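Peer 1: need coordinates for the below:
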Amino acid sequence: MGKGNLSPRLQAVAELMVPRSCVADVGCDHGYLIAALVESGKAQRGIACDLRTGPLSRARETLARRGLLDRVELVLTDGLTGLQDQGIDGVVLAGMGGDLMAEILEGAPWVQSPQVHLVLQPMSKPQALRQYLAQRGFAVLQERALEDGGHLYTAMAARWDGVQRTLTPLEALAGRLPEHRDSNAIQLLLHLAKVQEHRGRGLAQGGQTAEAQQALALAAQLRDLAEEGTDREQGGVCNGNGTAGL
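Peer 2: Below you'll find the model as predicted:
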């Protein structure tokens, strides 16, 4: 798929989508992502959704310019509300917080189907999203770290299989990132370690010894995962200055 108008963040999202009959892009903004999915053949048709008229107007301009208005429907709606009978078998949620994504998915129980492929790109609180997915029977199929505009984010593909899971604190924080020993994953794991170290020091100063020890232990585990990745990459990949959207 050519990048076209896609930022590195949206390009990663597009790559995680698998061929679908109908993909709903929630929070469609300029419509670049849904246009790319349809043009590439990953979506036979699309639905561009947004809560505001402004983004939908911009998306309409994009789709008209690229001759896609006959294949993409524009819908003014809150999340996935009212879309349960549209034959959707692919959903993209990108550019919002992980807690909001959980709310949107919870409000659309029809996505709890093995036929619906989810691609999720939280800008913050990915651990809250991972916890929700695990508790509600969604399996995370793939996850990758990505850098865009000097910030690090995560993107994941998921699908409902009905198996409820309990995540450890480390699994909630790191997800499946340790499986990918690339520079972005390593930097993101190191950032997470620093966050836990800072949290641990703060808890210790407040006299919360047990909680502080847990945070510092998590930091050490995250650093160990990052160092394993660094060894595989033969060093020199963790010197970037990206900050994480967590």
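
Peer 1: please, where are all the helices along the chain?
Peer 2: 8-16, 32-40, 53-65, 98-106, 126-135, 169-174, 183-205, 209-232 (DSSP state H).

Peer 1: most neighbours per residue, which of those helices?
Peer 2: helix 32-40 (a mean of 24; mean count of other CB atoms under 10 Å). In this view, the C-beta of every residue, glycine as well, is placed from N, C-alpha and C.

Peer 1: could you list the residues in contact with it?
Peer 2: The contact list for helix 32-40, computed with CB atoms under 8 Å, 6 or more residues apart in numbering, reads 1-2, 4-6, 10, 13-14, 17, 23, 25, 28, 43-48, 59, 62-63, 66, 68, 71-72, 92, 94.

Peer 1: follow-up on the earlier one: for the helices of the chain, which one sits closest to Arg144?
Peer 2: The minimum distance between Arg144 and the helices of the chain falls on helix 8-16, with 6.3 Å, by CB to CB.

Peer 1: for that closest one, what is the average pLDDT?
Peer 2: Taken as a whole, helix 8-16 has an average pLDDT of 96.

Peer 1: dump the helices of the chain to CSV, plus distance to Leu83.
Peer 2: Shown next, in CSV, are the helices of the chain (distance: least, CB to CB, whole Å):
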stretch, distance to Leu83
helix 8-16, 19
helix 32-40, 14
helix 53-65, 14
helix 98-106, 11
helix 126-135, 20
helix 169-174, 29
helix 183-205, 32
helix 209-232, 38
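
Peer 1: can you say which of these is nearest to Ala157?
Peer 2: For the helices of the chain, proximity to Ala157 was assessed by CB to CB; helix 8-16 is nearest, at 4.4 Å.

Peer 1: now the angle from the closest one to helix 32-40?
Peer 2: Inter-element angle recorded for helix 8-16 and helix 32-40: 40 degrees (by axes from the mean of the first three to the mean of the last three CA atoms, to 10 degrees).

Peer 1: CA atoms only: put helix 8-16 into CSV for me.
Peer 2: Below are the C-alpha coordinates for helix 8-16, written out as CSV (Å, rounded to 0.1, in the frame of the first residue of the first chain):
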residue,chain,number,x,y,z
PRO,A,8,3.5,7.0,9.9
ARG,A,9,0.9,6.4,12.6
LEU,A,10,-1.9,5.8,10.2
GLN,A,11,0.3,3.8,7.9
ALA,A,12,0.9,1.4,10.7
VAL,A,13,-2.8,1.2,11.4
ALA,A,14,-3.5,0.5,7.7
GLU,A,15,-0.9,-2.3,7.7
LEU,A,16,-2.6,-4.0,10.6
